[in-house]
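Chemist: pasting the sequence and the predicted coordinates here, then a few questions.
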Amino acid sequence: MDPHLLRTFVTVADRRSFSAAATELGYTQSAVSQQIAALEADLGLELLHRRPVTPTRAGERLLEHAGPLLLRHRAARADVLRAAAGPAGRLTVAASPLACVPAIVRSLPPGCVLRTVARERVAAEVASGAAGLGLVDGIAAPSDPLRLPDVGPLAGFGVAEEGLVVLLPAGHPLSHRRGLDLADLTDALWLRAPVAVPVERLRELAGGGGFRAASRYDGEDVRTVLNLVAAGHGLALLPASVATEAATGTTAAGAVRGVPLGAPRVVHRVEALYAEATGPAAALAAQLRQPPSSTPPGTSASGS
């Protein structure tokens, strides 16, 4: 399948409109219609209903494959261009919000460009050549690698591992525990925020339901998360070092307690990803390529 036709199909299906897709892609509406017709002729299947514009059953199945196929195409192109261009002068690092733990930030070279993207986008940024090195975080068993999407020939290694803490208001009945079992918190309300462990992941870790979402915060400022927790808008699960650093000097200091997560036995893990470690990317990879450092899980976010 022609990737240009596939890209047009994905855009039409996403916008639910031939005219809107034409505007976004810079084509005429007639050209978009012709490209969709050519793709349908190639497959011998109708991919889109026209009124309204929605994917057919075959179109829905193609959409499942289209994203990875287009990404692999961009990754291959970027890989060829990287090989031809040689080492780049300026390093761009794509990082998920909680991958930038304090120790890693201190390792970044002067002059680099740090761009925060969603966890699921980090590997794609590196594979497509938009970033020379990626930093992605997630929750895993100790020393286990993260589950990452297959977007191309990427290499990676663990950079850091540390314990997790449950953030609770200082007056919460469980705030003075030495450790908490996640299964005991299934009935609690949890804050939805990009920098906190998602509610869906909490359910997966605990092996059950519950974990109702309370308020939602779409920003990435951890100090705001602490203030929301202190105000009773929901609990949050964060890496110990991030929670502690954010608590220093905030209005939430003393109003929030960080209680170590005792069970299940998981850690917050950060991994570095690269397609070809050359130039500044190679230098940073070499600096980060150490046995994953561990932060004791018993760090408190209360500032005390």
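Modeler: That came through fine.
Chemist: quick one: contacts for residue 52?
Modeler: Residue 52 is in contact with residue 16, counting by C-beta atoms under 8 Å, 6 or more residues apart in numbering. (Each C-beta comes from the backbone N, C-alpha and C, glycine too.)
Chemist: what's the answer for the one 10 residues further on, then?
Modeler: By C-beta under 8 Å, 6+ apart, the contact set of residue 62 is 6, 9, 43, 47, 55.
Chemist: ok, and the most crowded of those?
Modeler: Highest neighbour count within the contacts of residue 62: residue 9, with 24 neighbours (other C-beta atoms under 10 Å).
Chemist: just confirm that residue contacts residue 39, I think it does.
Modeler: Yes. Contact criterion C-beta atoms under 8 Å: residue 9 and residue 39 qualify, at 5.6 Å.
Chemist: can you map out the helices along the stretch 1-150 of the chain?
Modeler: Assigned by DSSP state H, counting those that start in this stretch, the stretch 1-150 of the chain shows helices spanning 3-15, 18-25, 29-43, 57-85, 102-105, 122-127.
Chemist: out of the ones you listed, which comes closest to residue 272?
Modeler: Closest of the helices of the stretch 1-150 of the chain to residue 272 is helix 102-105, at 8.7 Å (criterion: C-beta to C-beta).
Chemist: buried stuff in the closest one?
Modeler: Residues of helix 102-105 classed as buried: residue 104 (neighbour count, 16 or more other C-beta atoms under 10 Å).
Chemist: and what of stretch 13-28?
Modeler: For stretch 13-28, by 16+ other C-beta under 10 Å, it's 13, 15, 17-18, 20-22, 25, 27.
Chemist: next one: the residue nearest to the spatial centre of the chain, what pLDDT does it get?
Modeler: By C-alpha atoms, centre = their mean, the mean C-alpha position of the chain lies nearest to residue 119, the distance being 0.7 Å. Here the pLDDT value assigned to residue 119 is 87.
Chemist: identify the contacts common to residue 9 and residue 39.
Modeler: The contact lists of residue 9 and residue 39 share residue 47, where a contact means C-beta under 8 Å, 6+ apart.
Chemist: would residue 236 count as being in a strand?
Modeler: Yes. Counting by DSSP: H, G, I helix; E, B strand; the rest coil, residue 236 is found in a strand.
Chemist: contacting residues for it?
Modeler: So residue 236 contacts 166-167, 190-191, 193, 196-197, 225, 228-229 (C-beta under 8 Å, 6+ apart).
Chemist: still on that earlier bit, okay if I get the contacts of residue 62 as TSV plus pLDDT?
Modeler: Formatted as TSV, those follow (pLDDT from 0 to 100):
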residue	pLDDT
6	86
9	90
43	89
47	91
55	92
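Chemist: which among those residues gets closest to residue 260?
Modeler: So of the contacts of residue 62, ranked by how close each gets to residue 260 (C-beta to C-beta), first place is residue 55, at 46.9 Å.
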